[in-house]
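Colleague: next input, structure requested:
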Amino acid sequence: MTSFFGKRKSQNASTPAVGTIPAKNPNAPVPTPLERMLMNAGPIRNDGSDKFFGMENFGNTCYCNSILQCLYYSVPFRDNVLAYPRRSNPESVAHAQANAPARVPPTQANGNAKKLQGPTSARNAGTPPNQQQKPEDKDSPEYKKKQALITGPILNMSYENSSDYDMPEDLFTSLKDLFEAVVINQSRSGVVSPSRFLETLRKGNEMFRSAMHQDAHEFLNLLLNTVLESIETQDRKLLIQKKVESSLPESESSSILKTESGTVSFPSVLPVPTAAPTRWLSELFEGTLTSETRCLTCENVSQRDEPFLDLSVDLEQHSSVTACLRRFSEEEMLCERNKFHCDNCGGLQEAEKRMKIKRLPRILALHLKRFKYTEDLQRLQKLFHKVVYPYHLRLFNTTDDAEDPDRLYELYAVVVHIGGGPYHGHYVAVIKTQDRGWLLFDDEMVEPVDRSFVLNFFGDKAGLACAYVLFYQETTIEAIRKEQRNEGKARTSQDVTNGLGIIPNSSTEMHRVPTVSPIASLASTGEAAQYAALNHAATAPPQFKTNGHVEPPQSPPLSAIRPPSPVLQSKKEKAREEKTRKAEEKARKVAEKQAEKQAEKERLENERQRRKDLSSKLQEAHKRQEAELKAALEASKASKADEDRRNALGRAETYSPESSSPSGLDRFKRSKSLRFGSLNKKDKLRSNPSDENVSEPPAVALPSDTKHSDAQKEKEKEKKNRFSIRKKSFGKLT
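Modeller: Numbering: from 1, shown residues only. Sure, this is the predicted structure:
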């Protein structure tokens, strides 16, 4: 028995029967979401639009990977990079890849190389049997990135092929090598190892040599400017060669052209070379800003044009991209230290300045200024302001003479910064591909995401993931409508497969006329009680009773399912109701207007009466104030007269009639000097001590009975003193 079952097992193992299902291998790798999406894909395209390669992280190089992915999936940019100045020979590319240095695993931030783990059995081979290894989270990005490196293929970009298209090695040639390697490769997915590109970047730019966290927008600006300079240099070189060839005889020039162009064979997977490659980058990314400055003194307006490759806009809390662009073009006052030098006035004047867009680029790169320098902290700080960005955008801050001012843009890529500050964090890219919808590019990992996933990065403190750079490309209204129709059809087919069978009346289907069924109209009029069991389909099998008799499905009466009224009659009724409603609305508005006029009239009348009352009160107060002032003046005059009268009576009582009018020599007592010459200080000192009492003593008021006698005695004493003074003075004078 044992040998028999063993023989049967061996036969089944060697030759499986037709209809048997092979057992699943538990150790077989689970296909990734990207692999499941590409499982039934058709043949590989020639333009590289259906290639989905991740990029290896060489230690905080996510800023570079996210920007390169956004540029690769810009169709016009990728095509022009591949076509300029000419294609590479596939044999030379294969030769360069074969002779490239061996791939070196990237180092982490601590300087140690990344350790890639293989299958489970290989990982557990060196583990002691008594020690259990903690299983990895297969849904984590780290695990998916490791699996992407293990699965491969890995494109080792440690070579340079700039000599094949006669250009010196720079960032543009390294970028061209990277794009060509992805397009020529026969695999749809994998990982690119851009080691040569990073070496070229760090060789010419010191700020990117360290392994610290870098700014993705600074890298984008540097890359576009470097590519533009490289193209301009190559254009000048080609122009000189063309002039030299035109000066040669026709036979020699034709042989040179034949030698240069005839020996290059292009692979079938590459697009056809373009005839006029010059200034293609300027036509894609470059726009023109016009700075309008209006002098407030002479009203003269001066304009100055400035080219730009990307727009950096300031952010405010709870705003949108449209509001940020409108604020970007607001008028700015130039005053005080920032006065404008007006050529018309010939001096510094106050002016108004604003920025407008004169020429719109085909690809608009919007930089949201998330990192702001704060004076308090003396460093950059990340702004977690919520800024809403739309799928489709139209710019309104253009000049009057702008080229194509009504150009429409659609969002095709978002660079997201994840982290709490500008000095640490991580960059990822969410990109809309040509036929596969939106994809998430997180270094080596590539995963499909839903369309609504793009709207998760408006910015909030909890998530720490904010949109940093937005890429918009030009589109048309027809393309937008076509996309909306496709989305509506896909949604409708999904609803049908789910068993709903209802066409959604969403914004994407506004161009379609919705059909109203009788059941829906009856349900809206309140007769939905008869259709409580609508969860059963119309084609549900008939219900059987216990006796086996088949009961036919009951249908509502014909009067219930009959349309309420013909379409023409409903239109007339609608028109009549609309007319009545408009008349009522008009009457209501007229009544409201009359009520407002009456209220305004009453308000003005009340205001006029209030002003009149206030004016009369002010006049009465003014009159009362004048009367009080007049009474005060009269009282003051009366008090002054009484005071003068009292003073006169007091003086009359104090001095007698004899002493009131001095006569004779008494006049000299009251004068400051003697008539016969002033006595100097020496004469006063030589005089007798008795002369010190010459001055008139103060008059003392005496009683009435002794007043006359005392006055006579005092008068005689003064006369004696005066005669003695005169004698002494006369003696001295003689």
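Colleague: the top helix by length along the chain packs against which elements?
Modeller: Longest helix of the chain, by residue count under DSSP state H: helix 567-654. In terms of contacts (3 or more C-beta pairs under 8 Å, 6 or more residues apart in numbering; DSSP states H and E), helix 567-654 is not packed against any helix or strand. (Each C-beta comes from the backbone N, C-alpha and C, glycine too.)
Colleague: what residue ranges in the stretch 601-734 of the chain score low on pLDDT?
Modeller: Low-confidence segments of the stretch 601-734 of the chain, defined by pLDDT under 70: 653-711, 713-734.
Colleague: let's see 80
Modeller: Residue ranges of the stretch 601-734 of the chain with pLDDT under 80: 650-734.
Colleague: low-confidence stretches in the stretch 251-400 of the chain?
Modeller: In the predicted model of the stretch 251-400 of the chain, residues 251-278, 377 satisfy pLDDT under 80.
Colleague: could you rerun that using 50?
Modeller: Residue ranges of the stretch 251-400 of the chain with pLDDT under 50: 253-277.
Colleague: domain ranges for this protein?
Modeller: Here the domain assignment for the chain is 48-106+140-249+268-284, 287-497, 679-694+715-734, based on automatic domain parsing.
Colleague: in whichever strand in the chain runs longest, which residues are buried?
Modeller: Assignment by DSSP state E gives strand 408-421 as the longest strand of the chain. For strand 408-421, burial by neighbour count (16 or more other C-beta atoms under 10 Å) applies to 408-418.
Colleague: stretch 185-192 now?
Modeller: Neighbour counts over stretch 185-192 (16+ other C-beta under 10 Å) mark 185, 188-192 as buried.
Colleague: so which of these sit within helices?
Modeller: Among these, no member lies in helices (by DSSP H).
Colleague: ok, these vs Asn221, which is closest?
Modeller: Set against Asn221, the nearest of those by C-beta to C-beta is Val192 (22.6 Å).
Colleague: specify the beta-bridge partners of the closest one.
Modeller: Met55, Leu155 (DSSP bridges).
Colleague: mind listing what it touches?
Modeller: Applying C-beta atoms under 8 Å, 6 or more residues apart in numbering to Val192 gives the contacts 53-56, 154-155, 157, 178, 181-182.
Colleague: now do Thr173
Modeller: Thr173 neighbours (C-beta under 8 Å, 6+ apart): 160-162, 165, 167, 230.
Colleague: mind redoing it with 6 Å?
Modeller: 162, 167 (C-beta atoms under 6 Å, 6 or more residues apart in numbering).
Colleague: now do Asn60
Modeller: Here Asn60 is in contact with 211, 213 (criterion: C-beta under 6 Å, 6+ apart).
Colleague: assign a three-state SS to it, would you?
Modeller: coil (DSSP: H, G, I helix; E, B strand; the rest coil).
Colleague: please identify the buried residues of the host helix or strand of Glu142?
Modeller: Using DSSP states H and E, Glu142 sits in helix 141-151. Buried residues in helix 141-151, counted by 16+ other C-beta under 10 Å: 141, 144-149, 151.
Colleague: just the pLDDT for the residue nearest to Tyr412 when sequence neighbours are not counted.
Modeller: Nearest residue to Tyr412, sequence neighbours excluded (C-beta to C-beta, 6 or more residues apart in numbering): Lys432, at 4.5 Å. According to the prediction, Lys432 has pLDDT 96.
Colleague: what's the burial count for Lys489?
Modeller: 12 (other C-beta atoms under 10 Å).
Colleague: assumed it was part of a helix.
Modeller: Yes. Checked against three-state DSSP, Lys489 lies within a helix.
Colleague: find me the pLDDT at it, would you?
Modeller: Looking at Lys489, its pLDDT is 74.
Colleague: any idea how far it is from Glu483?
Modeller: 11 Å (C-beta to C-beta, to the nearest Å).
Colleague: now do Ala413
Modeller: 16 Å.
Colleague: so which strand or helix has the closest residue to Asn161 other than its chain neighbours?
Modeller: Nearest residue to Asn161, sequence neighbours excluded (C-beta to C-beta, 6+ apart): Ala96, at 4.8 Å. Assigned by DSSP H and E, Ala96 belongs to helix 90-98.
Colleague: which parts of that helix are buried?
Modeller: 90, 93, 96-97.
Colleague: would TSV of the residues you listed with pLDDT and distance to Arg581 be doable?
Modeller: Converted to TSV, the buried residues of helix 90-98 look like this (pLDDT from 0 to 100; distance: C-beta to C-beta, whole Å):
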residue	pLDDT	distance to Arg581
Pro90	76	74
Val93	78	74
Ala96	80	77
Gln97	79	76
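Colleague: and of the buried residues of helix 141-151, the nearest to Met355?
Modeller: Distances from Met355 to the buried residues of helix 141-151, taken by C-beta to C-beta, are shortest for Pro141, at 40.2 Å.
Colleague: picking up where we left off before, roughly how far does the residue nearest to Tyr412 sit from Arg651?
Modeller: The separation that Lys432 has from Arg651, given C-beta to C-beta, amounts to 115 Å.
Colleague: mind checking which of these two has more residues around it?
Modeller: Taking neighbours as other C-beta under 10 Å, Lys432 and Arg651 compare with Lys432 leading, 19 against 9.
Colleague: related to what we said a few turns ago, just the buried ones from the contacts of Val192, in PyMOL syntax?
Modeller: Command for PyMOL that selects the buried part of those, burial taken from 16+ other C-beta under 10 Å:
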select buried, resi 53+54+55+56+154+155+157+178+181+182
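Colleague: which one of the contacts of Val192 is nearest Tyr427?
Modeller: The closest of these, once distances to Tyr427 are taken by C-beta to C-beta, is Met55, at 11.3 Å.
Colleague: not counting its neighbours along the chain, what's nearest Pro405?
Modeller: In space, and not counting its chain neighbours, Pro405 is closest to Thr398: 4.4 Å by C-beta to C-beta, 6+ apart.
Colleague: and what of Arg326?
Modeller: Asn397 (6.3 Å).
Colleague: wait, doesn't that neighbour sit right on Ser329?
Modeller: Yes. Taking contacts as C-beta atoms under 6 Å, Asn397 lies within contact range of Ser329: 3.7 Å.
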